[in-house]
Every structure is written in C-alpha cells, then in structure tokens.
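Novice: below is the structure, and that's it, no one-letter string:
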C-alpha cells in the first residue's frame, strides 16, 4: 500500500518565548511541517497536561533547560497546514532559563539562534512567530 493520508485534526500547540542567557531562543525546524523555518521551542499539548506543564516539558526535551517563571502570553494564533491535514490553535508562554540551551533532538532541530527584543527575526519564520514577536516587542517597549 502507498502512503496513508492523515485524518484531519485540530490540535493545541504551545510555543515558548524562552529568554536564555544569550537572548530569546529560535530553533530551525526539520523533519516536520515548517521544515527550514525558524520557530520558538514548543510542541503540542498532551491529554490531561496543562499549557505551562507542556511548555516546561518541551523546553527540557528540546533544549535541556528548566523553564522558570512560566506564564501565558494573552495571545493565540490559528495555524493551518492543509498539506498535512492539521489545524493548530497555538497558545504562547514566556519564561526564562539559567542554562545555555542546546539541541537535544537533532532530528527535529538543525540550528539554534538567539535574538533580543527589537531584532529582526531570521527568515523564513514558522506560522505565528512574527505576530507573537511583534506583540511581545511592542508590549515590553510600552511598559
């Protein structure tokens, strides 16, 4: 038999705006939808997991760091990937870590980049990243 088509589904994604010692962490995706695009660390919510617990788990799994002072950003995005029959509602979390992030899953991430608020993001970016980065930059500058 040939490749099977995945059934359409809606999932909850969690993106983490993680402030590390060198700046906010961006990961270059590989091996999944959005391959080659820059995104925040994160993944999808597991059954019975809270958004903040998901953010902590993903930071540890993907980067080997402990997420501190995690809180949700009052913004979500709707991200459609019709070629993969996926629709994500993505919730964003912000927090920081003391450790230096490192790639823990090279099959999912090919490179890390660190940016500071006000920086232009590397291109191309994963769905939703520009919107959340702009929101975060604007809200921090106004405070």
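Specialist: Arrived safely, thanks for sending. All of these numbers come straight from a predicted model, not from anything done at the bench. Numbering: from 1, shown residues only.

Novice: let me see the mean pLDDT of the lengthiest strand in the chain.
Specialist: The strand that spans the most residues within the chain, counting by DSSP state E, is strand 68-81. The average of the pLDDT scores along strand 68-81 is 93.

Novice: centre of the chain to the following helix or strand past that strand, how far?
Specialist: Under the assignment DSSP states H and E, the closest C-terminal helix or strand after strand 68-81 is strand 86-96. On the basis of CA atoms, centre = their mean, to the nearest Å, strand 86-96 sits 6 Å off its chain's mean C-alpha point.

Novice: continuing past strand 86-96, what's the next helix or strand?
Specialist: strand 109-115.

Novice: which positions in that next one come out as buried?
Specialist: Residues of strand 109-115 classed as buried by neighbour count (16 or more other CB atoms under 10 Å): 109, 112, 114, 115. The way it works is simple: take the backbone N, C-alpha and C, and place the C-beta from them, glycine included.

Novice: same thing with stretch 39-57?
Specialist: 39, 40, 41, 42, 43, 45, 52, 54, 55, 56, 57.

Novice: so which of the residues you listed is the closest to residue 75?
Specialist: Closest approach to residue 75 among the buried residues of stretch 39-57 (CB to CB): residue 40, at 12.5 Å.

Novice: and the closest one, backbone torsions?
Specialist: Main-chain torsions, residue 40, degrees, to the nearest 10: phi -80, psi 160.

Novice: and if you look at residue 137?
Specialist: Per degrees, to the nearest 10, the backbone of residue 137 is at phi -60, psi -40.

Novice: burial of it, as a residue count?
Specialist: Applying other CB atoms under 10 Å, we find 14 residues neighbouring residue 137.

Novice: which secondary structure elements does the helix or strand residue 56 falls within contact?
Specialist: Assigned by DSSP H and E, residue 56 belongs to helix 51-63. In terms of contacts (3 or more CB pairs under 8 Å, 6 or more residues apart in numbering; DSSP states H and E), helix 51-63 is packed against strand 9-20, strand 42-44, strand 68-81, strand 86-96.

Novice: nearest to residue 137, of these?
Specialist: Of these, nearest to residue 137 by CB to CB is strand 9-20, at 10.5 Å.
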